[in-house]
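Chemist: turn this into a structure:
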Amino acid sequence: MNKIGPLVLAGVFLLVAACGGQEPVRVRATPAPTTPAPATSAPPATVGLRKSDIRWNGEGDPYNAMAELADGRRVAMHYRRGKGLFEQHSSGPTGTWTRPRLIYGTKTEACQGIELRAFGKTVAAIADFGHYCSDGEPPMESIAAVGVGDLRTWAHHLTRSFDGWERISAGDGGNQITFRRGSSVLRWSRTGGFTK
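Modeler: Residues are numbered from 1 along each chain as shown. Take a look at the predicted model:
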């Protein structure tokens with residue numbers, strides 16, 4: 001046993017010295033040529049039609065609305081919980097949809113439904129919000145909104161502590177819009193905007 005011990009020790013010493021004395025091999029790797037991805041500064045301008053994130057189990061769907069203009073374009077609106085009223089529009093019956101655009105922002109609950117009507121190249125909408133609408137309370141924020149032409153800009157009028165507009169009518173080919181509830185009237189014109 002005494003002869004094996006020094007031999008094993010000498011073998012281990014030689015093995016460690018032989019392995020530890022080598023310099024590691026360094027390999028310079030060059031990346032494979034790749035085709036650069038195109039730079040994207042913003043997401044694409046078109047997306048699919050979005051829907052409200054508020055569930056509805058009854059008939060119809062009061063939290064989503066769509067209307068078609070005379071030229072075939074479509075416009076849609078939907079509520080988003082804790083965010084407000086959004087609009088999208090398409091370039092035609094089979095066209096792609098724009099990104100959702102916020103028309104009116106609020107954290108209160110959606111009330112009642114969205115009414116959306118097209119008159120020539122003008123689109124008018126009614127939407128309502130309130131703190132306890134799901135419990136049956138009336139709206140506290142009533143929105144009348146109007147978009148014209150390319151629908152890139154929308155005007156809206158907020159009426160507080162109001163049960164909401166009931167009807168939309170148009171005159172002068174859509175250049176004048178009237179919102180009504182009982183004896184309350186709100187008018188919009190292409191030249192003057194909203195007036196009571």
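Chemist: least trustworthy helix or strand in the protein by mean pLDDT?
Modeler: helix 4-20 (a mean of 48; mean pLDDT, DSSP states H and E).
Chemist: partners of residue 64 in the sheet?
Modeler: residue 78 (DSSP bridges).
Chemist: actually residue 89, not the one I wrote
Modeler: Per DSSP bridges, the residues bridged to residue 89 are residue 75.
Chemist: now this structure, which segments are flagged as low pLDDT?
Modeler: Residues of the chain that meet the criterion pLDDT under 70 lie in 1-46.
Chemist: so in it, which strand runs the longest?
Modeler: Identified as the longest strand of the chain according to DSSP state E is strand 109-119.
Chemist: strands paired with that one, and their directions?
Modeler: Strand 109-119 has the following sheet partners, assigned by DSSP bridges: strand 122-130 (antiparallel).
Chemist: which is the next helix or strand following the strand it pairs with?
Modeler: Sequence-wise, the next helix or strand downstream of strand 122-130 (DSSP states H and E) is strand 141-148.
Chemist: hmm, who's touching that following strand?
Modeler: The set of residues external to strand 141-148 that reach it, using C-beta atoms under 8 Å, 6 or more residues apart in numbering, is 75, 85, 87, 103-104, 106, 108, 121-130, 153-160, 162-165, 174, 177, 179, 186, 188, 190, 194. No exception for glycine: its C-beta is placed from N, CA and C like everyone else's.
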